[in-house]
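Engineer: Provide a 3D model corresponding to the input given below.
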Amino acid sequence: MMKKNFSKFLKNFDEITLVGTFSRVNMVNPWLIALYKMKLPREKIHLLLYNNTDNITLHNVLTQEIPYLKTLFRSVTYFRSNRTGGKTIIGQDNDNFNKSKLKPIWEMWNDIKDMIETSVFMLIEDDTIAPPYAFERLFYDLFTLKKAGFVTGIETGRSMFSWMPTRLGVHRLVRKGNKIIKRISLNPNSKGIHEIDCSGVYCFITYTDIYRKAFKGMDKYIKSVPFFGMDNILTNNIQKLGYKLYADFSVWCDHLQQSAGKLFAFNRKQAVQMADIWIPEFNNYAQGIIIKK
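Structural biologist: Next comes the predicted model:
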């Protein structure tokens, strides 16, 4: 039934954009393998490969693949930002935002919103391995769920050690102004489709105009947003525009991590429910609190 209805909605679209964002060389091959396996209306898809680095090796790896990709998709665009990544300050407010790892990521998100010409787009980060049916499921969700403005698959966080527990990237959020007061990840044992307050931006589909509107005014306060919450504030802005955000637990993705020269994947096997809570007397957050019920 889903496949039949998916085709019905797809007929209304002549063009759709799929964005891949890249910053690490060894993530490219697994990402491409997953892309080739994905069920996609390739004749309708404009593929945008966004290289957010000045890394010449990454540039060469991506550009070598473009001639073949052009035989598969409606068009292929390659963009290289030549940015240099910053450092990570975990759990700290963006006091040093201009030197942080997230500054070039934030600039990339801003770039992308103006590079897409289609009304709908899907984005998959380079460290995200989405299942073959991800596009069909999320696309169908976007057009069937009530007031949907953003639909995401499920991905966990990650750490340096494959055995460490981690949270899901979909959350309930308590926000006071631009301050995140409480962030609670959904239970990894959840089933079906859940309405959420915010999400990471690893494997999602949305309307381009809604995504653009979510950036409005953010340059005025982005430096006061905690490092761990930039994507959460961005997606929560879509909700504040009057649209709903959904997480589809039938679309589980692997989140790749490089450690000691090796790649391993985080997924539901390591996932637990966690919370982050603002502690005003310490001017900081209690992060990664495991929720026990």
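
Engineer: the strand or helix carrying Ile184 packs against which elements?
Structural biologist: Assigned by DSSP states H and E, Ile184 belongs to strand 179-185. Packing partners of strand 179-185 (3 or more Cβ pairs under 8 Å, 6 or more residues apart in numbering; DSSP states H and E): strand 170-176, helix 230-240, strand 274-279. C-beta: built from backbone N, CA, C; applies to glycine.

Engineer: now those as CSV including mean pLDDT?
Structural biologist: Listed next are the helices and strands packed on strand 179-185 as CSV, based on pLDDT from 0 to 100:
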stretch, mean pLDDT
strand 170-176, 95
helix 230-240, 94
strand 274-279, 95
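
Engineer: where exactly do the strands run in the stretch 151-293 of the chain?
Structural biologist: Remark: strands assigned in the stretch 151-293 of the chain by DSSP state E, counting those that start in this stretch are 170-176, 179-185, 193-196, 198-199, 203-207, 244-252, 254-259, 262-266, 274-279, 284-290.

Engineer: which one, of these, ends up nearest to Leu123?
Structural biologist: Minimum separation from Leu123 across the strands of the stretch 151-293 of the chain (Cβ to Cβ) falls at strand 203-207, 6.0 Å.

Engineer: list the contacts for Leu234?
Structural biologist: 109, 201, 214-215, 218 (Cβ atoms under 8 Å, 6 or more residues apart in numbering).

Engineer: recalculate using a threshold of 7 Å.
Structural biologist: Residues near Leu234 by Cβ atoms under 7 Å, 6 or more residues apart in numbering: Ala214.

Engineer: quick one: residues in contact with stretch 126-134.
Structural biologist: 20-24, 27-28, 30-31, 34, 37-39, 124, 153, 155, 202-203, 251-256, 265.

Engineer: cool, stretch 267-275 as well?
Structural biologist: 156, 164-168, 182-185, 187-188, 252, 254, 288-291.

Engineer: once you drop chain neighbours, what's closest to Ala137?
Structural biologist: I think there's a mix-up here, since residue 137 is Arg and not Ala. The shortest distance from Arg137 to any non-neighbouring residue, by Cβ to Cβ, 6 or more residues apart in numbering, is to Val251 (5.2 Å).

Engineer: about what we covered before: among the strands of the stretch 151-293 of the chain, which is nearest Arg83?
Structural biologist: Closest to Arg83 of those is strand 254-259 (Cβ to Cβ; 19.3 Å).

Engineer: now do the closest one: everything it contacts.
Structural biologist: 24, 26-27, 30, 127-129, 155-156, 158, 160, 263-267.

Engineer: are any of the residues you listed buried, and which?
Structural biologist: Buried residues within the contacts of strand 254-259, counting neighbours by 16 or more other Cβ atoms under 10 Å: 24, 26-27, 30, 127-129, 155-156, 158, 264-267.

Engineer: could the residues you listed go into JSON lines alongside pLDDT and distance to Ile238?
Structural biologist: Below are the buried ones among the contacts of strand 254-259 laid out as JSON lines (pLDDT from 0 to 100; distance: Cβ to Cβ, whole Å):
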{"residue": "Arg24", "pLDDT": "91", "distance to Ile238": "27"}
{"residue": "Asn26", "pLDDT": "92", "distance to Ile238": "32"}
{"residue": "Met27", "pLDDT": "94", "distance to Ile238": "27"}
{"residue": "Pro30", "pLDDT": "96", "distance to Ile238": "29"}
{"residue": "Asp127", "pLDDT": "95", "distance to Ile238": "23"}
{"residue": "Thr128", "pLDDT": "97", "distance to Ile238": "20"}
{"residue": "Ile129", "pLDDT": "97", "distance to Ile238": "25"}
{"residue": "Glu155", "pLDDT": "97", "distance to Ile238": "18"}
{"residue": "Thr156", "pLDDT": "95", "distance to Ile238": "22"}
{"residue": "Arg158", "pLDDT": "86", "distance to Ile238": "24"}
{"residue": "Phe264", "pLDDT": "85", "distance to Ile238": "32"}
{"residue": "Ala265", "pLDDT": "90", "distance to Ile238": "28"}
{"residue": "Phe266", "pLDDT": "88", "distance to Ile238": "25"}
{"residue": "Asn267", "pLDDT": "92", "distance to Ile238": "26"}
